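Asker: Mind looking at a prediction? Sequence and model below.
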Amino acid sequence: MTDGPGADSDDEREPADGEATDAVPDDEREALLTIAGGAVITAGGVSGQRALTAATEFFLARGLGPAAYGVYALAWRIAQLLSRLVTFGSVPTLQRYLPEYADDPDRQGVVAGLAYATTLGFGAAVAAGIWLAAPRIGALTVGDPAFPPTMRAFGFLVGLLGVVMVASAIFRAVGSARGEIAFNKLLRPSVRLVGALAALALGYSVGGVAGGIVVATAVLAAVAAPLSARVTGVVPSIRGVRKEARRFYDHAAPVAMSSLGKVFQNRVDVLLVGALLTATAAGVYNVVLVLIAIAWIPLLSFNQLLPPVASELYADDRVETLNAVYTSVTRQIVTAVIPILAALVVYGRELLGLFGEPYVAGYVPLVVYLGGVFVGSAVGATGWLLMMTDHQYARMALDWLLAVLNVVLTYAFVVRYGLVGAALGTSLAIAVQNAIQVVLLRRFEGLWPFDRTYLTPLAAGAVTLVAMRAIREVVPGRAAVVVGAAAGFAVYAGALHVLGVDPRDRLVARELARRYRAALADLPGR
C-alpha cells in the first residue's frame, strides 16, 4: 500500500487542503488510498463487465425472443446462484489468510491449493446433481422442453466459473486489483459474450447458446489458474494440507453456509419467478437484474481491496483506524451510488425499453429493488467486515435466520404482486440484513460508519433527482437518458462543491489524480 506520487510534497498542496489532510494519520491515509486506488481500477473493470453483460443480454433477448430468452435467463441465473456456492467459502478465506501469510509463501500455496481442490470437488458434485435434477426443475418451473438440456450444459459451467473465481481471488488477496479485474470482471463476461454470439451466428437456439458459453469459459479456466500462480507467486500446493485444513475450513465452512443462506435470502426471487410466473416474466426480471447490477458498481468497487486492508488492520489491532477507514469508504460509496440511483429511477422505462417493449413491464420492480440497493450501499462492507474480524459464525446465523423469513415473505409477495413482489421481497431482505449487520459490527467491534457528513451527498442527490426529472419532462424519448444523465451528474458535482466535500474525500481525489497524471505523463510519446 503506497501513497500517490507527490504525496509527501507539502509545497504542492493548496493551503486549505494541506491543513485539512495533514490531520489524517499516515496509516489511515495509506489504507484509504489503497482502497480508493483499487476502487478506481475496479470501477472501470466492473463498468466494462456490466457493459459486456448488458450487450450479451441485449443480443440474446433480441435473438432468442421473449419465451426462449426466459428459458435461458432462468437456467443462467440458477447457474450463477450455484457458482456462488461452488467455492465453498474459499474466496473470502483467501482474502482472510493470504495477507496474513504474506511472509510464508509455502503456507500461502497450501491455502490456494485447498481453495482449488475444494472448488473442483464441489463443481463435480454440482454438475452431477444438475444432470439428474434438470428435468424435474424444468417441470416445476417454465415447463419448456428446451430447459433440461440448457440447464445440464450450465451445470458444467458452475465448476469452471469457480476455478476462475479462485484464480481471481488470489490476485485480489495479494492486493492486485488489475489481475482480479482482468479475469473476473472483463475476461469472464467477454468469453460469455463471444460464446453466445458464436452460437447465435451458427443458428443455434438456447441449448446451443449454453454450450457455446461453456466451451468459451473452459478455455478461460484453463488459462486463469496457471497464470495467477505465475504472476502472484502464490503456487497452489497440497503439501502440508492436513496441517492447514482445519483453520481453512473453520473459516470457509461458515462462510459457505452464509452464502447458501444468502441464496435463499437474496436470490430466491429468481427461483420463485421461474416457478410461479411465466418464462416471459423470468426474462423481464432478468433484464431488471441487469440494470440493478449497474447500481451495485460503487459498492463492489470499494469492496475490492477493503477486505485484505481490513484483515491487516484487524490483525494488527488497529481497530480505531479500521473504523475511520470504514466511515470514509462508506461515505464515498454513498457519494458514488446516489447519481446512479437517480438516473435509474428517472430513466428506467427508457433503459428497459432498449431490450424490447415487453421488458418495460419491469420498471416498478426495478424501482422497488433500488431501495434495497440504496440501503446495502449506505452501510458499506458490513458482511466483509464481519468475516474479516472473525465473526463469520454470527454472519452465518444471521444469513440463515433471514433466509427462512425471506423465502416465506417473497413467496407470499410473488403470489400476490407478481414481479413487483419478487423485487419487494429481495429489497426488504437486503435492507434488513445490512441493518442488522451494521448493528452487530458496532456491538462486536465498535465499528460505526455514520456521521453528519452523510447528509452532503443525500442533499446533493435530492437536487439531482429534481433536475433529472425536469429534463425528462422537456426532452422527449430516449434522448432524455443521455441529456438528463449528463446534466444530472454535472448538477450533482456542482451541488457537492457548494455543500462542501469531506477533507478525506478531497485527499483521496487529489492524490489519485496526481497518481494518474504522473502515470499519463510517463506514457511513451508524451
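Answerer: Structure received. Numbers count the residues shown, from 1 in each chain.

Asker: what packs against the helix or strand encompassing residue 494?
Answerer: Taking DSSP states H and E as the criterion, residue 494 maps to helix 479-499. Packing partners of helix 479-499 (3 or more CB pairs under 8 Å, 6 or more residues apart in numbering; DSSP states H and E): helix 319-353, helix 455-474. For the C-beta atoms, the positions are set from N, CA and C on the backbone; glycine is no exception.

Asker: residues of it that come out buried?
Answerer: Within helix 479-499, the residues that count as buried by 16 or more other CB atoms under 10 Å are 480, 481, 484, 485, 487, 488, 489, 491, 492, 495, 496.

Asker: Specify the local secondary structure of the closest residue to residue 129 other than its chain neighbours.
Answerer: Spatial nearest neighbour of residue 129, excluding adjacent residues (CB to CB, 6 or more residues apart in numbering): residue 155 at 7.6 Å. Here residue 155 is helix, with the state taken from DSSP: H, G, I helix; E, B strand; the rest coil.

Asker: give me every residue that touches residue 155.
Answerer: Contacts for residue 155 (CB atoms under 8 Å, 6 or more residues apart in numbering) come out as 79, 126, 127, 128, 129, 130, 131, 134.

Asker: what secondary structure does the fifth one sit in?
Answerer: Following three-state DSSP, the label given to residue 129 is helix.

Asker: That one: neighbour count?
Answerer: 13 (other CB atoms under 10 Å).

Asker: residues contacting the residue most central in space within the chain?
Answerer: Nearest to the geometric centre of the chain sits residue 300, at 4.4 Å (CA atoms, centre = their mean). Counting by CB under 8 Å, 6+ apart, residue 300 makes contact with 42, 46.

Asker: Sticking with it, tell me its helix or strand.
Answerer: Here residue 300, judged by DSSP H and E, is contained in helix 297-302.

Asker: Could you do residue 366 as well?
Answerer: Following DSSP H and E, one finds residue 366 within helix 363-378.

Asker: angle of that helix against helix 319-353?
Answerer: Interaxial angle of helix 363-378 relative to helix 319-353 (axes from the mean of the first three to the mean of the last three CA atoms, to 10 degrees): 170 degrees.

Asker: Does anything pack onto helix 363-378? Which helices or strands?
Answerer: Partner elements for helix 363-378 (3+ CB pairs under 8 Å, 6+ apart): helix 279-295, helix 297-302, helix 319-353, helix 419-445.

Asker: quick one: which of these is nearest residue 43?
Answerer: Closest to residue 43 of the helices and strands packed on helix 363-378, according to CB to CB: helix 297-302, at 4.2 Å.

Asker: next helix or strand past the longest helix along the chain?
Answerer: Under DSSP state H, the helix in the chain containing the largest number of residues is helix 26-64. Heading C-terminal from helix 26-64, the first helix or strand you meet, by DSSP H and E, is helix 66-86.

Asker: Report the rounded mean pLDDT for that following helix.
Answerer: Helix 66-86 comes out with an average pLDDT of 86.

Asker: With stretch 487-498 instead?
Answerer: Mean pLDDT, computed over stretch 487-498, is 93.

Asker: List the neighbours of that stretch that are in contact with it.
Answerer: Stretch 487-498 is contacted by residues 335, 338-339, 342-343, 346, 456-457, 459-461, 463-464, 467-468, 471 when judged by CB under 8 Å, 6+ apart.

Asker: Show me which of the residues you listed are buried.
Answerer: 335, 338-339, 342-343, 346, 456-457, 460-461, 463-464, 467-468, 471.

Asker: Widest-spaced pair of the residues you listed?
Answerer: Within those, 456 and 471 form the most distant pair, 22.9 Å apart (CB to CB).

Asker: Show me which helix or strand of this protein is least confident by mean pLDDT.
Answerer: helix 15-21 (a mean of 45; mean pLDDT, DSSP states H and E).

Asker: Who are the packing partners of whatever helix or strand comes next after the helix holding residue 300?
Answerer: Moving toward the C-terminus from helix 297-302, the next helix or strand (DSSP H and E) is helix 306-315. In terms of contacts (3+ CB pairs under 8 Å, 6+ apart), helix 306-315 is packed against helix 26-64, helix 90-97, helix 147-173, helix 319-353, helix 382-388.

Asker: Test my guess that residue 453 contacts residue 334.
Answerer: No: counting by CB atoms under 8 Å, residue 453 does not reach residue 334; the two are 9.6 Å apart.

Asker: Tell me where the stretch 401-526 of the chain is predicted with low confidence.
Answerer: Residues of the stretch 401-526 of the chain meeting the criterion pLDDT under 70: 515-526.

Asker: before we move on, back to that, give me the pLDDT for the residue nearest to residue 129.
Answerer: 92.

Asker: Might you list the low-confidence residue ranges for the stretch 101-250 of the chain?
Answerer: Applying pLDDT under 70 to the stretch 101-250 of the chain flags residues 176-177.

Asker: Could you pull up phi and psi at residue 146?
Answerer: With angles defined as degrees, to the nearest 10, residue 146 sits at phi -80, psi -10.

Asker: That one: neighbour count?
Answerer: Neighbour number of residue 146 under other CB under 10 Å is 20.

Asker: wait, what's in contact with it?
Answerer: Residue 146 sits next to 68, 71, 205, 206, 207 when contact means CB under 8 Å, 6+ apart.

Asker: just residue 368 next, same as before
Answerer: The neighbours of residue 368, taking CB under 8 Å, 6+ apart as the test, are 420, 423, 424, 427.

Asker: what number of residues lie near the third one?
Answerer: It refers to residue 424. Using other CB under 10 Å, residue 424 has 23 neighbouring residues.

Asker: ok, now the one 5 residues further on?
Answerer: Other residues within reach of residue 429, judged by other CB under 10 Å, total 26.
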